[in-house]
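**Q** Sequence and predicted structure, then a few things I'm wondering about:
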Amino acid sequence: MYCHYTVMDCGPKNSGFSLVELLCVIAIISTLTTFAALGLVGSSQSGRIQQNVAQMAGLLAQSHALALSQNTYVYVFFSASAPAPSSTTQVQLVVVYSATGLDVFQGTSGILDVGRDSSLLTLAHKRVTLDQAELLPKSEVPQALVNRPQPDSLADLGQESYQLTFQNQTYDRVLIFRPNGVVAIPQANSSLSFPSLVEFALEPASAGATINPLAYVIQVAGTTGQANVYRAQ
């Protein structure tokens, strides 16, 4: 089963809607669509991971819309480690966008700080914390568990080549929306690649090594920025 979220360019900025209004409407629609499609019923663990998936899908939709409306680079950063002193497994996300309209990580060490580098980066969304969740790379969820498209040009989140620090936390995985809405992933040499799909997964936090059957796979289409969510049948 899957559901999808599509964000359309809503036209000129003088059409009567502010950027804040546009993003709020998109976030609300995306989140409500996700809740309806996924059917938030069942155990507390199932309900929690479904809420996490809905929240992430809404955040991706906002980020894509921001890249188009502001004609700039938007970076969705992930951190999969629990900040000290917490021992709770969680996924944290921070969204920033380029203040110059260019890829501000190019020509740097690849590590920028939201506060220190405010002339280059602007915080677009406060930090989002998904509690009791684990972030998985594309290779860890078997096709037999979650059936979904598997094209040749399928990529993981960019890891370590672009890093963000925010409030003493390091975010080392990233998904980039370019000004035209196309998805990009940084490579080890800091150049950008443009895969047909970017895939990652969320599952409820657990101590075992086996993939939880409640895992959800999220695929973001490279050319459109559309997010598809898949779960086990």
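**A** Okay, I see it.
**Q** Please name the nearest non-neighbouring residue to residue 97.
**A** Here the nearest residue to residue 97 in space, its sequence neighbours aside, is residue 74; by CB to CB, 6 or more residues apart in numbering that works out to 4.5 Å. Bear in mind the C-beta positions are built from the backbone N, C-alpha and C, glycine included.
**Q** what sits against that neighbour?
**A** The contact partners of residue 74, taken as CB atoms under 8 Å, 6 or more residues apart in numbering, are 63, 64, 66, 67, 95, 96, 97, 98, 124, 176, 177.
**Q** which of those residues has the most neighbours?
**A** residue 64 (28 neighbours; other CB atoms under 10 Å).
**Q** re the thing from before, any chance of TSV for the contacts of residue 74, columns pLDDT and secondary structure?
**A** Listed next are these as TSV, based on pLDDT from 0 to 100; DSSP: H, G, I helix; E, B strand; the rest coil:
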residue	pLDDT	secondary structure
63	95	helix
64	96	helix
66	96	helix
67	96	helix
95	97	strand
96	97	strand
97	97	strand
98	97	strand
124	94	strand
176	97	strand
177	98	strand
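**Q** Next, format those residues as a markdown table and append distance to residue 205.
**A** What follows is the contacts of residue 74, written out as a markdown table (distance: CB to CB, whole Å):
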| residue | distance to residue 205 |
| --- | --- |
| 63 | 24 |
| 64 | 27 |
| 66 | 29 |
| 67 | 31 |
| 95 | 23 |
| 96 | 26 |
| 97 | 30 |
| 98 | 33 |
| 124 | 27 |
| 176 | 27 |
| 177 | 28 |
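**Q** Using CSV, write down the CA coordinates of stretch 143-152.
**A** What follows is stretch 143-152 as a C-alpha-only set of coordinates in CSV (Å, rounded to 0.1, in the frame of the first residue of the first chain):
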residue,chain,number,x,y,z
GLN,A,143,11.4,-5.9,-0.9
ALA,A,144,9.5,-9.0,0.3
LEU,A,145,8.4,-7.0,3.4
VAL,A,146,7.5,-3.7,1.7
ASN,A,147,6.8,-3.9,-2.1
ARG,A,148,7.8,-0.7,-3.9
PRO,A,149,9.5,0.5,-7.1
GLN,A,150,13.2,-0.4,-7.4
PRO,A,151,14.7,1.6,-10.3
ASP,A,152,18.4,1.5,-11.1
